[in-house]
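A.B. asks: Kindly return the folded structure for what I paste below:
(2 chains)
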Amino acid sequence: MKLSRRQMMAAMGAGAVGATASGRYAFAQSDTIKVGVLHSLSGTMAISETTLKDVMLMLIEQQNAKGGLLGKKLEPVVVDPASDWPLFAEKARELISVSKVSAVFGCWTSVSRKSVLPVFEELNSLLFYPVQYEGEESQRNVFYTGAAPNQQAIPAVDYLKEQGVERWVLAGTDYVYPRTTNKILEQYLKDSGVAAEDIMINYTPFGHSDWQTIVGDIKSFGSAGKKTAVVSTINGDANVPFYKELGNQGVKATDIPVVAFSVGEEELAGIDTAPLVGHLAAWNYFMSADTPENEAFIAEWHKFTKNDKRVTNDPMEAHYIGFNMWVKAVEAAGTTDPDAVIDSIVGVTAPNLTGGVSAMMPNHHITKPVLIGEIQDNGQFDIVYETPGLVAGDAWSDFLPESKPLIADWRSPMKCGNFNTVTGKCGGAG
Amino acid sequence: MALAPLACLPFARLARLASLCIALLCAATSAQAETRDIIARLANAKFPVVKQVIEDLAAAGDPTVAPFLRKLRAGKVYWRKSDRAVFIAEREKRDYALFDPITGAKVDQVGRRAAKKVRVNNAIRSAIDAALAGLTLSSPKVETRLAAAKQLFADRDASALPALTAALAREKDPTVKTAFEDARAAILATSTAATPSERVKAIARLGERGGSDSLNALSAVDAKAPADVLAAKESAIAEIKRSLAVWGAAENIWQGVSLGSVLLLAAIGLAITFGVMGVINMAHGELVMLGAYTTFAVQEVIRVSAPALFDVSLLIAAPLAFLVAGGVGVAIERGVCRFLYGRPLETLLATWGVSLILQQLVRSIFGPNNREVGNPSWMSGAFELGEMTITYNRLWILIFALAVFALLLGLMKRTPLGLQMRAVTQNRAMAADMGVRTGWVDAMTFGLGAGVAGLAGVALSQIDNVSPNLGQSYIVDSFMVVVFGGAGNLWGALAGAFTLGVANKFLEPYAGAVLGKILVLVFIILFIQKRPRGLFAIRGRAVES
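C.D. replies: Residues are numbered from 1 along each chain as shown, chains lettered A, B, ... in the order given. The predicted structure is shown next:
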């Protein structure tokens, strides 16, 4: 059933670009290429996702100024899934089957991505997902332009180890991304000889605001004569009261540094960062990156938003890379047909904003540099460490026994997202 | 040494020659020349080199370099690309003003691209802290010496021991003397070079001193030390842990009370609208949010027009927030609720709709991003009470919550408005017969509850995010407090808030934040099965109707 639908789509796509179906859409489709933007504009996640909607509009406008794509103008179709996970699936379906978009750029939380996966698979469309995530996934219709754990968490822990950290607090928000990341990190730390009593794991609900107890616990955990660090997968705006409490209780970065995976320039915009100088974040991009590409991007962004105080952040760069990769892949394929683009996009390269060139890997993840930044008193990050080269995203972590034998490769002849190298079969650990 | 720049003055017309002049002509200060040579190595230095420079500066022992090190720590030290000379730099519009690293005299002004920052990271900041501690042991200021002693205590750097011993002999101030002796004990306890008897004595001193930093020092005593040292370590650690456990419990209670005060603030307005009037107001959280945004707006105005008033911004914001939220509350009551009295389900739905409208309205006006509400200086930081850390913002919020509670209680019990409110609540028809304008009283009561929610917003802006979703996270907690405490009773809200706060904080260390919240919820459900009207139930005719 699924296969026949896919073949049908392929046949239709090959026949005439976009002239798929009923006359109602035929005119509109031959006129423009539609690009779906699936980011929450209301609700809890609006704080993070609205910016991504804006950056997509900017990228599309820039592409149109350059003459569009395949001789046509690009037309953004923006929908608001309102931070409501099931609504993400409905809106994705609407974008693909009603608005007939050629590709969708969207989602932030892992749960929203998981909610739309079946839709993209069923209707065979493309999703570009721009946020760092827990890995353990590779889907034919999805391109992961954010970091996998080996592109963020593992290098950050390595950096802290180099700085002499021996005791670890893994603190996170209670949902799939922190839990999976912490599982990987715990295994990684234990493999590298850290004793179980030197690891403390703590979860808090979304939007947690009373951090007194946890910061107190971290302080007493850190008074055991060993250098202690906190690895934070705390997500969303709970970070603000967390950092405020750290500052107020006098936990200094020189005593107990906190390295965060979900705190960027945007999140720091709501805090006085003077007491937080030296706490760390690991990303693949910082606004402070000193390259001509980045300077141009920031200038464009300020011009587009008509506000020279707006910050840029890592997921924005991921959309920048992902969008340019999609454009190149469409140009190479000569069509926006999803099957053709899926085949042509592997190996496509696009410059990132930190001076390198990222490439789309066969597992639908991309290569990125890993940067460690220290918070400055102006709310920006000072880059203190950078991986020597680009790191390729690993869909299946090597540090979890169940995913160790799995690899993903969407090229022919394997065409599999979870190939088991032990059993020699496509289909995961089982 | 202060003479050096003076002697150079005639030669120093050309500013760039100044450093040369000091180094060559004023040869008397060879120590300073040496310091300058060390500092010069900072140009384009990698982190290990910077660290080495700091250690060399500390070893040179020239105390005049301390201000320079502080600037380096703050990221204000730059090197000029043209000649790789190192300066202290301040941003002046689009340029950098360069100052001499030792004398602090202005030397040059260069463009943004002509100078580059000497980068520092945590390891370097630690090294600077250690170096500064060594250099400021004989500072004339008591606080600086105390800070130095504290830093040495935390670093336990054996190389600082001779300087510390010398400073100890000179020291007159008893507090600083004790701090120096403590720092010396921490160094001796962990030093393998010290004799076992010295170490045992030092460990005993740390054991008596107590506190988590002593525990930290004691835990760092290596396991290969002589048996008597290890025995002393174990007994000292056990002693400290016993006293820390007592302090831990006290801290739990404090944190519970503090959480309770936040719950009380959020719930007390609801205790009036829901408790006294019986209106289920789902927009209560949004009224709190409006209060927080009022604080933000007040701070914005102050930032632009009168920065000096920043420390009193909350005092200005509080009455305004009360008026804004209260006004919106009156509008909700007059516009929506009064048509729906006696129909709780419809009130619930209507006010929920209002809450969504308010949220989106704020999102449209202020944007979806969090807004920064600053903490006035008197609400930042913390003080130590024994082994407890009490943050000022939590302390002030507790005081504020209790003050609001006392005011409300007074208003309900002692004013004509309060009397009328209670009359209308108890028997609307009778009150109307007595000439009370029930419609007006309803509006005022609702407005009062809403205004108090606005006050809560002022306080919450200090500890939580000011975002359009602020209210949502407190609405459930508020209803929980009011239902648990007993509707219709302010004292119930007080008791409910503090009980839930303390219970939550005692569960959290064992069950974790997520499970702790669930357990509290289960407890309330069970409690309501047993006492459906909450802790403080009102008895009488009003209840029956």
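A.B. asks: Report the secondary structure state of A:Pro362.
C.D. replies: Classification of A:Pro362 using DSSP: H, G, I helix; E, B strand; the rest coil returns coil.
A.B. asks: Report the contact partners of it.
C.D. replies: A:346, A:408-411 (C-beta atoms under 8 Å, 6 or more residues apart in numbering or on different chains). C-beta coordinates here come from the backbone N, C-alpha and C atoms, glycine included.
A.B. asks: mean confidence score for stretch B:353-364?
C.D. replies: Stretch B:353-364 shows an average pLDDT of 91 in the prediction.
A.B. asks: no wait, stretch A:363-373
C.D. replies: 95.
A.B. asks: next one: stretch B:118-130
C.D. replies: So the average pLDDT for stretch B:118-130 ends up being 87.
A.B. asks: Dump it to PDB, keeping only the CA atoms.
C.D. replies: C-alpha atoms of stretch B:118-130 as PDB (Å, rounded to 0.1, in the frame of the first residue of the first chain):
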ATOM      1  CA  VAL B 118      43.300  38.200  25.400                       C
ATOM      2  CA  ARG B 119      40.900  35.400  25.900                       C
ATOM      3  CA  VAL B 120      40.200  33.800  29.300                       C
ATOM      4  CA  ASN B 121      38.300  30.700  30.300                       C
ATOM      5  CA  ASN B 122      37.300  29.100  33.600                       C
ATOM      6  CA  ALA B 123      40.800  27.600  34.200                       C
ATOM      7  CA  ILE B 124      42.400  31.000  33.800                       C
ATOM      8  CA  ARG B 125      39.800  32.800  36.000                       C
ATOM      9  CA  SER B 126      40.700  30.200  38.700                       C
ATOM     10  CA  ALA B 127      44.400  30.900  38.200                       C
ATOM     11  CA  ILE B 128      43.800  34.600  38.500                       C
ATOM     12  CA  ASP B 129      41.700  34.200  41.700                       C
ATOM     13  CA  ALA B 130      44.600  32.200  43.200                       C
END
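A.B. asks: Skipping its backbone neighbours, what lies nearest A:His364 in space?
C.D. replies: Once flanking residues are discounted, A:His364 sits nearest to A:Phe143: 5.1 Å by C-beta to C-beta, 6 or more residues apart in numbering or on different chains.
A.B. asks: ok, now B:Ala225?
C.D. replies: B:Arg199 (7.0 Å).
A.B. asks: one step back: just the contacts of A:Pro362: which are in strands?
C.D. replies: Within these, residues falling in strands by DSSP state E are A:408-409.
A.B. asks: and the contacts of A:Pro362, which two are the farthest apart?
C.D. replies: Of all pairs drawn from the contacts of A:Pro362, the one with the longest distance (C-beta to C-beta) is A:Val346 and A:Ala408, at 11.2 Å.
A.B. asks: Could I get the contacting residues of the residue nearest to A:His364?
C.D. replies: A:126-129, A:322, A:325-326, A:345, A:360, A:364, A:366 are the contacts of A:Phe143 under C-beta under 8 Å, 6+ apart.
A.B. asks: Please flag which of those residues sit within helices.
C.D. replies: A:322, A:325-326, A:345 (DSSP state H).
A.B. asks: From those, pick the one nearest chain B.
C.D. replies: Distance to chain B, by C-beta to the nearest C-beta, is smallest for A:Gly322 among these, at 22.5 Å.
A.B. asks: pLDDT score assigned to that closest one?
C.D. replies: Reading off the model, A:Gly322 has pLDDT 97.
A.B. asks: Tell me if I'm right that it and A:Val142 touch.
C.D. replies: No. The criterion here is C-beta atoms under 8 Å, and A:Gly322 misses it with A:Val142 at 10.8 Å.
A.B. asks: Within range of chain A, give me the residues from the stretch 151-300 of chain B.
C.D. replies: Within the stretch 151-300 of chain B, the residues that sit near chain A (C-beta under 8 Å from any C-beta of the partner chain) are B:154, B:212-213, B:215-221, B:244, B:248, B:251-252, B:255, B:258-259, B:262.
A.B. asks: of those residues, buried ones?
C.D. replies: The neighbour count (16 or more other C-beta atoms under 10 Å in any protein chain shown) marks B:154, B:212-213, B:215-218, B:221, B:244, B:248, B:251-252, B:255, B:258-259, B:262 as buried among these.
A.B. asks: Report the two of those residues separated the most.
C.D. replies: B:Val221 and B:Val262 (41.2 Å).
A.B. asks: before we move on, back to that, helices - which of the residues of the stretch 151-300 of chain B next to chain A land there?
C.D. replies: B:154, B:212-213, B:215-219, B:244, B:248, B:251-252, B:255, B:258-259, B:262.
A.B. asks: Kindly list the main-chain dihedrals of whichever residue of the stretch 301-430 of chain A sits closest to chain B?
C.D. replies: Closest contact between the stretch 301-430 of chain A and chain B, by C-beta to the nearest C-beta, is at A:Val384 (4.4 Å). Backbone torsions of A:Val384, given as degrees, to the nearest 10, read phi -110, psi -10.
A.B. asks: Need the pLDDT of the residue in the stretch 151-300 of chain B positioned nearest to chain A.
C.D. replies: For the stretch 151-300 of chain B and chain A, the shortest gap (C-beta to the nearest C-beta) falls at B:Ser219, measuring 3.0 Å. B:Ser219 carries a pLDDT value of 83.
A.B. asks: now B:Ala23
C.D. replies: You'll see B:Ala23 listed with a pLDDT of 44.
A.B. asks: Quickly note the distance from the residue of chain A found nearest chain B to B:Ala43.
C.D. replies: Here chain A gets closest to chain B at one residue, A:Gly225, 3.0 Å apart by C-beta to the nearest C-beta. A:Gly225 sits 37 Å away from B:Ala43, going by C-beta to C-beta, to the nearest Å.
A.B. asks: buried set for the strand or helix carrying the residue nearest to B:Ala225?
C.D. replies: B:Arg199 belongs to helix B:196-209 when elements are defined using DSSP states H and E. Within helix B:196-209, the residues scored as buried using 16+ other C-beta under 10 Å are B:198-207, B:209.
A.B. asks: Turn those into TSV, columns for pLDDT.
C.D. replies: Below are those laid out as TSV (pLDDT from 0 to 100):
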residue	pLDDT
B:Glu198	85
B:Arg199	87
B:Val200	88
B:Lys201	88
B:Ala202	88
B:Ile203	89
B:Ala204	88
B:Arg205	88
B:Leu206	87
B:Gly207	86
B:Arg209	85
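A.B. asks: Would you point out the most distant pair within these?
C.D. replies: Once C-beta to C-beta is applied, the buried residues of helix B:196-209 give B:Glu198 and B:Arg209 as the farthest pair, at 16.4 Å.
A.B. asks: Show the contacting residues for the residue nearest the centre of chain A.
C.D. replies: Geometric centre of chain A, nearest residue: A:Val131, 1.5 Å, by C-alpha atoms, centre = their mean. By C-beta under 8 Å, 6+ apart, the contact list for A:Val131 reads A:107-109, A:146, A:315, A:318.
A.B. asks: of all the residues you listed, which two lie farthest apart?
C.D. replies: Greatest spatial distance in those: A:Thr109 and A:Ala318, 14.7 Å, computed using C-beta to C-beta.
A.B. asks: Looking at these two, which is more packed in?
C.D. replies: Higher neighbour count among A:Thr109 and A:Ala318: A:Ala318, with 30 against 24, using other C-beta atoms under 10 Å in any protein chain shown.
A.B. asks: any idea which helix or strand carries that one?
C.D. replies: Take DSSP H and E as the rule and A:Ala318 turns out to sit in helix A:314-333.
A.B. asks: need the strands for chain B, in chain order.
C.D. replies: Going by DSSP E, chain B shows strands at B:77-80, B:86-92, B:95-99, B:106-111, B:115-117, B:382-385, B:388-391.
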